[in-house]
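Engineer: I'll drop the sequence and a predicted model, then ask my questions.
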Amino acid sequence: MQRVIDRKLYDTDAAEQIAKYAPLTDRSDFHFLIETLYKTSDGEYFLHAEGGAATKHAEKISNEKRPGEEIQLLTDEDALDWCEEREIEGETVVKEFDNLIET
């Protein structure tokens, strides 16, 4: 997916995938959820999120909610929070955010 935000292109194919959270991947389910954390070549984090009609990523079209897809920019701290909330593997988190983690 590609999206231009503040005149800058964010592209899931060109960025490095850091972590993925996908508790429910059946796209026919209203609750399906796939979130992937990416890092651009200049160190910015963004989240690519896909979700069913019953998730926060749903699109509202007319009076109806449908599956949605979006890209959200994240600060370093927000990206670390996302990893902690989704219990991403500690090794991945430490490797990526060692400057933000107390030892």
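Structural biologist: Looks like it came in fine.
Engineer: Who are the packing partners of the longest strand seen in the chain?
Structural biologist: What stands out as the longest strand in the chain, according to DSSP state E, is strand 16-24. With contacts defined as 3 or more CB pairs under 8 Å, 6 or more residues apart in numbering; DSSP states H and E, strand 16-24 has these neighbours: strand 33-39, helix 90-97. Placement of C-beta: from N, CA and C, glycine included.
Engineer: partners of the lowest-mean-pLDDT helix or strand in the chain in the sheet?
Structural biologist: Using mean pLDDT, DSSP states H and E, strand 59-61 stands out as the lowest-scoring helix or strand of the chain, at a mean of 91. If you go by DSSP bridges, strand 59-61 pairs up with strand 64-66 (antiparallel).
Engineer: Give me the residues contacting the partner strand.
Structural biologist: Outside strand 64-66, the residues within contact range by CB atoms under 8 Å, 6 or more residues apart in numbering are 53-54, 58-60.
Engineer: after it comes which helix or strand?
Structural biologist: strand 68-74 (DSSP states H and E).
Engineer: got the angle between that next one and strand 33-39?
Structural biologist: 30 degrees (axes from the mean of the first three to the mean of the last three CA atoms, to 10 degrees).
Engineer: how far does the following helix or strand past strand 68-74 sit from the chain's center?
Structural biologist: Counting by DSSP H and E, the next helix or strand C-terminal to strand 68-74 is helix 76-85. Relative to its chain's centre, helix 76-85 lies at 10 Å (CA atoms, centre = their mean, to the nearest Å).
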